[in-house]
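[1] Sequence first, predicted coordinates after that:
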Amino acid sequence: MEIETAMYTSVGVLSEYKDGLDVKDILTKMIDPDTNTITFKQGQRFNDVFGKDPAPFHPKILKVKYTVGGVPYEESILEVVTKPRVIGKIAAKIEVAEPPKPPEIKLRVNKAVYGAGSEGHECDVTEFVKSMIDEETDCITFPKTMKFNECFGGDPAMFQTKTLSVDYTLNGVDRNVKIPELRKEDVLITDECGERRFQ
C-alpha cells in the first residue's frame, strides 16, 4: 500500500482540501508491515493520533487517497472512530471481491435548523449537517467541543439559548433530534440514538 494523500481537516473545508493537517507521513509510518494495512480502533480520536487539532471547535474528517497494487482507493473517516476501520490491503480485497451493489442510503438528513426557535432567529444548516454524514457507518458525530456559532457562520440569536434541530430519516423512519448549543458529551445520530434528552 502506498499513501498518495492524507488530509485531516474541517468538514466545512473538505472540498477545498486546504487549511488542514497533512498527515501523509504519519499514516505511512503507521502501516503494519505484516498486513500492509492501517487499523483504527473504535473510540480513537484523531486529535490524539495526529497530536494536533487543525480546526478547533469544528467537526473534522480524515480523507485518505491510497493505492494497492496500483489500484486507487479512497477512505473518509470522521474524527471520532465509531467502529474499527481498516485502510489498505484487506479493505481493498473485500471491495474487489464483492460484486458491485447500488448504494444503500440508511441515513438521510431532511432539514437542519439552528437557532432560538423563533422566526427570524434561526438559520438553515441542512447542507452543512449533510456533509457530516459518515457514509461508512451511517452516523453523524457532533463532538462536545464543536462550537455551533463558529461552524454555522454566526450567532442567529444572540444572548438566547439555542438548539440544533435535525429532521432525518434512518432506515425508513422519520425522526428528529434536538441538540443544545452547549453539551457535556459527544452526540451521535445513529441507529442507537433514538430519542435523547439533554440536561
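    Here it is on my side, so go on. Numbering: from 1, shown residues only.

[2] in stretch 72-88, what counts as buried?
    Tyr73, Glu75, Ile77, Leu78, Glu79, Val80, Val81, Thr82, Arg85, Val86, Ile87, Gly88 (16 or more other C-beta atoms under 10 Å). Any C-beta I mention is one placed from the backbone N, CA and C, and that applies to glycine too.

[3] Ends of it, what's the gap?
    With C-alpha to C-alpha, to the nearest Å as the measure, stretch 72-88 spans 10 Å from end to end.

[4] For that stretch, what does the pLDDT average out to?
    What stretch 72-88 shows for mean pLDDT is 84.

[5] Could you count how many residues lie near Ile189?
    Close neighbours of Ile189, defined as other C-beta atoms under 10 Å, add up to 23.

[6] ok, it touching Asp167?
    No - counting by C-beta atoms under 8 Å, Ile189 does not reach Asp167; the two are 11.0 Å apart.

[7] residue ranges for the strands of this protein, please.
    Along the chain, counting by DSSP state E, strands occupy 2-10, 21-22, 37-40, 60-68, 71-78, 85-88, 107-115, 122-124, 140-142, 163-170, 173-180, 187-189.

[8] by contact count, what packs against the third one?
    Spelled out, that is strand 37-40. Here strand 37-40 touches strand 85-88, helix 89-97, going by 3 or more C-beta pairs under 8 Å, 6 or more residues apart in numbering; DSSP states H and E.

[9] same check, this time on the shortest one
    Strand 21-22 makes packing contacts with strand 2-10 when contacts are defined by 3+ C-beta pairs under 8 Å, 6+ apart.

[10] outside of the strand it packs on, which residues touch it?
    The contact list for strand 2-10, computed with C-beta atoms under 8 Å, 6 or more residues apart in numbering, reads 17-24, 26-28, 31, 46, 50, 54-55, 58-67, 72, 79.

[11] Could you do stretch 165-177 as well?
    Contacts to stretch 165-177, defined as C-beta under 8 Å, 6+ apart, come from residues 106-114, 117, 129, 138, 140, 178-179, 187, 189, 191, 193, 195-196.

[12] Give the buried subset of the residues you listed as a PyMOL selection command.
    Those of the contacts of stretch 165-177 that count as buried under 16+ other C-beta under 10 Å are selected in PyMOL with:
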select buried, resi 106+107+109+112+113+114+129+138+140+179+187+189
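
[13] Wait, Gly153 touches Cys123, no?
    Yes - under the criterion of C-beta under 8 Å, Gly153 makes contact with Cys123 at 7.2 Å.

[14] Just want to know which of these two has more residues nearby.
    Neighbour comparison, Gly153 and Cys123: the larger count goes to Cys123, with 16 against 13 (by other C-beta under 10 Å).

[15] Mind listing the residues bridging to the more buried one?
    Under DSSP bridges, the beta-bridge partners of Cys123 are Tyr114.
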